[in-house]
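Undergrad: Quick one: sequence and predicted model below, then my questions.
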Amino acid sequence: MKELLLVDCCVRGKESRTRKLIDAFLEGLNQKQFHVTTISPEAEGMVPLTGANFARREKLVEEGQLNHPRFCYAQQFAQADAVVFAAPLWELSFPAILKVYIENISVKGITFGCDADGIFGSCRGSRLIFLTTRGERYENSGLEQGSRYLEAMSKFFGFDSYACVAADGLDAKGGDSRIIMADACGRARGLAASLS
Ligand SMILES: Cc1cc2nc3c(=O)[nH]c(=O)nc-3n(C[C@H](O)[C@H](O)[C@H](O)COP(=O)(O)O)c2cc1C
């Protein structure tokens, strides 16, 4: 059984359209092959690395205390076979809670390492997937930063491949949000079914 970690950053909860992409993805997934663990950084009470919180973290890393309970999220991320981030587009990127999660799981010696040649990813996962919905359309605009950033982070963490399923233009004039969502849900289902 492989482990799939689903990081749910759909701030609007039950109202969230991005959550519908999660549902479609899970429908397509072979549940006999993948065990799914869902985590909500908000519900876990994750906070940004600031002040004493940041200092404590740095000290633990410096002392090599990588099995400290504080690093359980980083260990979980590093050990997953596949990771799915789900978050809407906010301010051309994603809600801050996803960045808070990334700050907390980016731990030298767990999710990445450093040697004479520079930084290398040390996560065992092969696939990193981003499910997102967007108010406007962003194809080839160069404006959207969330997926670009997560693709870079997937390399940073050492994943072999990155894929994004986006429902673009849900709030755009002239678009039919039901058709856009149905198309994106179909792609999310198909992507999940292709995982092995
Ligand atoms: C705080 C906030 C910021 C947003 N920023 C953008 C944006 O920069 N560009 C855009 O196209 N849509 C933006 N939107 C619209 C959302 O991306 C869109 O409605 C999305 O489908 C919401 O996903 P959800 O239903 O999962 O919450 C924003 C919405 C909110 C609430």
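TA: Nice, I can see it.

Undergrad: Contacts for the longest helix seen in the chain next, please.
TA: Secondary structure of the chain read by DSSP state H shows that its longest helix is helix 177-193. Contacts with helix 177-193, where a contact means Cβ atoms under 8 Å, 6 or more residues apart in numbering, come from 17, 20-30, 129, 131, 133, 163, 165-171. Yep, even glycine has a C-beta here, placed from its N, CA and C like the rest.

Undergrad: which residues are there in this structure that come within reach of the ligand?
TA: 10, 12, 16-18, 88-92, 133-136, 170-171 (Cβ under 6 Å from any ligand atom).

Undergrad: Now, of the residues you listed, which are buried?
TA: Listed as buried from those are Cys10, Ser16, Arg17, Thr18, Pro88, Leu89, Trp90, Thr133, Arg134, Glu136, Leu170; burial here means 16 or more other Cβ atoms under 10 Å.

Undergrad: Would you reformat these as CSV and include pLDDT?
TA: Shown next, in CSV, are those (pLDDT from 0 to 100):
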residue, pLDDT
Cys10, 98
Ser16, 98
Arg17, 98
Thr18, 98
Pro88, 98
Leu89, 98
Trp90, 98
Thr133, 98
Arg134, 98
Glu136, 96
Leu170, 97
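
Undergrad: quick check, nearest of these to Glu151?
TA: Leu89 (14.8 Å; Cβ to Cβ).

Undergrad: ok now do the residue lying closest to Val7 once chain neighbours are set aside, which residues does it touch?
TA: Spatial nearest neighbour of Val7, excluding adjacent residues (Cβ to Cβ, 6 or more residues apart in numbering): Phe85 at 5.0 Å. Residues counted as contacts of Phe85 (Cβ under 8 Å, 6+ apart) are Val7, Cys9, Phe94, Leu98, Leu128, Ile129, Phe130, Leu131, Leu150.
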